[in-house]
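Asks: just the structure for this:
(4 chains)
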Protein chains: 2
Amino acid sequence: MASHGARGRSGGRPTLEEVAARAGVGRGTVSRVINGSPRVSDATRAAVEAAVAELGYVPNTAARALAANRTDAIALVVPEPETRFFAEPYFSDMLKGVGAELSDTEMQLLLIFAGSDKERRRLAQYLAAHRVDGVLLVSVHADDPLPDLLAQLEIPAVISGPRSAAETLTSVDSDNYGGARSAVEHLLGRGRGKIAHITGRLDVYGAQRRVDGYRDALGDAGHQVDERLIEAGDFTEEGGARAMTMLLERCPDLDAVFAASDVTAAGARQALREAGRRIPDDVALVGYDDSAIARHMDPPLTSVRQPIEEMGRRMIDLLLSEIADRRPAVSRGLEKRQMVLATELVTRASS
Amino acid sequence: MASHGARGRSGGRPTLEEVAARAGVGRGTVSRVINGSPRVSDATRAAVEAAVAELGYVPNTAARALAANRTDAIALVVPEPETRFFAEPYFSDMLKGVGAELSDTEMQLLLIFAGSDKERRRLAQYLAAHRVDGVLLVSVHADDPLPDLLAQLEIPAVISGPRSAAETLTSVDSDNYGGARSAVEHLLGRGRGKIAHITGRLDVYGAQRRVDGYRDALGDAGHQVDERLIEAGDFTEEGGARAMTMLLERCPDLDAVFAASDVTAAGARQALREAGRRIPDDVALVGYDDSAIARHMDPPLTSVRQPIEEMGRRMIDLLLSEIADRRPAVSRGLEKRQMVLATELVTRASS
DNA sequence: ATCACCTGTGGGAGCGCTCCCACAGTACCT
DNA sequence: AGGTACTGTGGGAGCGCTCCCACAGGTGAT
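Replies: Next comes the predicted model:
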């Protein structure tokens, strides 16, 4: 009831027109002020700002979007079935970075799930309707058609984790190669000689890069890479346990394992226990992600930490600049659009 | 280039007007069809649908929002500094539920962080501008002004975790009282007699309810509640360790601990180890949340699982029905608007 | 004085929808 | 025959902005 009374005054929230009347200026001038145009005299600007404050004016997004043909919104597209992405710390950390970087802009963040076919069709409609100014893509598989759709629709997009070395989209990634190297070098430095590697899903580019880092770290240290010490995992605990079992069978004398994720390491630990190997006395173990699991494992797990929050921030930076570039029709050309951020090895009792 | 050719035809994406022309009907009729109005003949409907399909028409959200004064968007407001919420499994599970329930509606999901003051001011503006049709509120403290703001603006809202027994907002919660009871009853059933409780932050209503459940479970089993066996924690690992240390000092003969969260239990486990107590032989341990930590703890932790994904789904259900209720001006009155979902005890080796 | 060219400003047109009034057509009463 | 009451449809008005053209008034060159 109270609200009805309040609305009665002028029929709801103040409009730009009412602000103009109050400030004694035209509609165009108010628009210029709230959009930060420099072509307004100081006196006028002050008058408009006062009127805005007095009326508590807030621009109507829908009207603005309709008139200006932009949405001031970006979408974070999440491939839901990919539970790996939802796992701690990835998703929450990235969201923190994204949120932080977005907080001093006017941009909205839309969360879109693209797991099921139905959801994907809906997403395609969204994009076709240009309901967002830009898209953040995470955890995309090599054969996903989404990036091409985005390119075709000319929608600015940034991908986290490029699909391959030849990624065409702007991308942000952590240094999987360097991270793997640092893990292996750490183990070598601890005097370990027979270091095994349980890989991630090899259709994920980052997992491949970790294998590359593993190989090169060994090679550069003068070790011959023993293919029998490499076993494919899939980022899951079961996969880690399975791989570890096979490795122990093949090479009972291994003295260290570098796993492509903490969850994988947890599975490996299980298998090692069951085989009666002590960690780190018999076998040193290193994981990847520095998740809660690593901190709480027994013994606590040495792990490679990715700057995920920072990645989220950088993705927003790049996306916003792509959006800005596109607005004045002429793109600013080919800058360096593949960003790689350093990782950090967090040493704990497992190695 | 291809896309430019396609756009050239009529200057961009097809509009409702173009669909109308193509189908040989008026604008209003097309609007009725795409909004599912029953007042359209079957023949006309078919013609319009054909035209929509041929042109690949997708309604312009901005125009619709402007004309209809609704946004078809809801906001999930996240109090960011509250890292507890971001922790696994809470956030990701809830998001899964929310996403699933939203996937067969036209609603968009906006993620809004309301951590810093700046972000909160921005949020207030959002809400004042009615840029969303409804709000999902999670992890709200007793003294948060946000719920009142929402009520004042008459924006439909659903809260997860009521602020008190007298919560006025529609809420969805898990049965904290029952969950705690089941944990304590389980320990009693295992023959434990001196069961301690490390609480959560007591300014969180759910934490209070867990204390209530703990007390009543003991009382109903004919045990006198020993106040010295209750120690306040804060949902953190350090808090759990601190509380455990104090409990051991005060009551060295305790034989079980019910912790208000898995993280708290992890801290308690640390303190128990350092005091030389074996789990579960000397002291049984039960946590709350059934997080990754519980599964990977050594020994694996018995824990109370909350149906968080289900909570997300129910929140959306309730919110959508509130939004729908509000549309035809007359509210459908006071149904049961406080929903409580059952928990489940997951038994593992720690108890 | 005339012209050119700035800066600052007002306001019309139009973005693509929804809402609602008007009205033709049909059906069924009195 | 005239009334009343539907159903289905067309299209004007208007949502609150941005864009852009027009124009007033100032400044400095010719």
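
Asks: residue numbers of chain A in contact with DNA strand D?
Replies: With C-beta under 7 Å from any atom of the strand as the criterion, chain A meets DNA strand D at residues A:11-13, A:15-17, A:27-28, A:31, A:34-35, A:57, A:59-60, A:63-64, A:66-68. (Each C-beta comes from the backbone N, C-alpha and C, glycine too.)

Asks: can you say which of those residues are buried?
Replies: A:15-16, A:31, A:34, A:57, A:59-60, A:64, A:66 (16 or more other C-beta atoms under 10 Å in any protein chain shown).

Asks: quick check: which element contains the residue of the stretch 151-300 of chain A at minimum distance from chain B?
Replies: Closest to chain B within the stretch 151-300 of chain A is A:D298: 3.6 Å, counting by C-beta to the nearest C-beta. Assigned by DSSP states H and E, A:D298 belongs to no helix or strand.

Asks: any figure for the gap between the closest residue in space to it that isn't next to it in sequence and A:E238?
Replies: Nearest residue to A:D298 in three dimensions, chain neighbours excluded: B:D298, at 3.6 Å (C-beta to C-beta, 6 or more residues apart in numbering or on different chains). Relative to A:E238, B:D298 is positioned 18 Å away (C-beta to C-beta, to the nearest Å).

Asks: more crowded one of the two?
Replies: A direct count of neighbours by other C-beta atoms under 10 Å in any protein chain shown for B:D298 and A:E238 places B:D298 higher, at 16 against 13.

Asks: for that one, grab phi and psi.
Replies: phi -120, psi 110 (degrees, to the nearest 10).

Asks: what residues of the strand or helix carrying A:A53 count as buried?
Replies: Assessed by DSSP H and E, A:A53 sits inside helix A:42-55. Residues A:44-45, A:47-48, A:51-52, A:55 are the ones in helix A:42-55 that count as buried (16+ other C-beta under 10 Å).

Asks: okay, those in a markdown table with pLDDT and distance to A:I230 next?
Replies: As requested, the buried residues of helix A:42-55 are arranged in a markdown table below (pLDDT from 0 to 100; distance: C-beta to C-beta, whole Å):
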| residue | pLDDT | distance to A:I230 |
| --- | --- | --- |
| A:T44 | 95 | 70 |
| A:R45 | 96 | 66 |
| A:A47 | 96 | 71 |
| A:V48 | 96 | 67 |
| A:A51 | 96 | 69 |
| A:V52 | 96 | 64 |
| A:L55 | 95 | 67 |
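
Asks: and chain A, what are its domains?
Replies: Here the domain parsing of chain A from automatic domain parsing is A:2-59, A:73-174+A:310-341, A:176-305.

Asks: highest mean neighbour count out of the ones you listed?
Replies: Highest mean neighbour count of the domains of chain A: domain A:176-305, a mean of 21 (counted as mean count of other C-beta atoms under 10 Å in any protein chain shown).

Asks: so A:Y126 sits right up against A:V77, yeah?
Replies: No - A:Y126 is beyond contact range of A:V77, at 9.4 Å (criterion: C-beta atoms under 8 Å).

Asks: tell me the residues that contact both of these two, please.
Replies: Taking C-beta atoms under 8 Å, 6 or more residues apart in numbering or on different chains as the criterion, A:Y126 and A:V77 both touch A:I112.

Asks: ok, is the helix or strand where A:L95 lies in contact with chain B or not?
Replies: In this structure, A:L95 sits in helix A:90-102 according to DSSP H and E. Yes - contact of helix A:90-102 with chain B (C-beta under 8 Å from any C-beta of the partner chain) involves A:91-92, A:95-96, A:99.

Asks: pretty sure A:V48 is touching A:T29, no?
Replies: Yes - contact status for A:V48 versus A:T29: in contact at 6.6 Å, counting by C-beta under 8 Å.

Asks: find residues that contact each of those two.
Replies: Common neighbours of A:V48 and A:T29, counting by C-beta under 8 Å, 6+ apart, are A:23, A:40.

Asks: where along chain A do the strands fall?
Replies: Assigned by DSSP state E, the strands in chain A fall at A:73-78, A:108-113, A:134-138, A:157-160, A:170-174, A:195-198, A:230-231, A:256-259, A:284-288, A:302-305, A:338-341, A:344-346.

Asks: and the last one, what does it pack onto?
Replies: Okay, so that is strand A:344-346. Here strand A:344-346 touches helix A:176-189, strand A:302-305, going by 3 or more C-beta pairs under 8 Å, 6 or more residues apart in numbering or on different chains; DSSP states H and E.

Asks: state the distance from A:A221 to A:H186.
Replies: Distance check for A:A221 against A:H186: by C-beta to C-beta, it reads 12 Å.

Asks: put the alpha carbons of the longest helix seen in chain A into CSV.
Replies: If you go by DSSP state H, chain A has its longest helix at helix A:308-326. In CSV, the C-alpha atoms belonging to helix A:308-326 read as follows (Å, rounded to 0.1, in the frame of the first residue of the first chain):
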residue,chain,number,x,y,z
ILE,A,308,43.1,-19.3,-11.1
GLU,A,309,41.7,-16.2,-9.6
GLU,A,310,44.2,-14.2,-11.6
MET,A,311,43.2,-16.1,-14.7
GLY,A,312,39.6,-15.0,-14.1
ARG,A,313,40.7,-11.4,-13.8
ARG,A,314,42.8,-11.5,-17.0
MET,A,315,40.0,-13.1,-18.9
ILE,A,316,37.7,-10.3,-18.0
ASP,A,317,40.4,-7.7,-18.9
LEU,A,318,40.9,-9.3,-22.3
LEU,A,319,37.2,-9.7,-23.0
LEU,A,320,36.4,-6.1,-22.0
SER,A,321,39.1,-4.8,-24.3
GLU,A,322,37.8,-6.9,-27.2
ILE,A,323,34.3,-5.6,-26.6
ALA,A,324,35.6,-2.0,-26.5
ASP,A,325,37.7,-2.6,-29.7
ARG,A,326,34.7,-3.8,-31.5
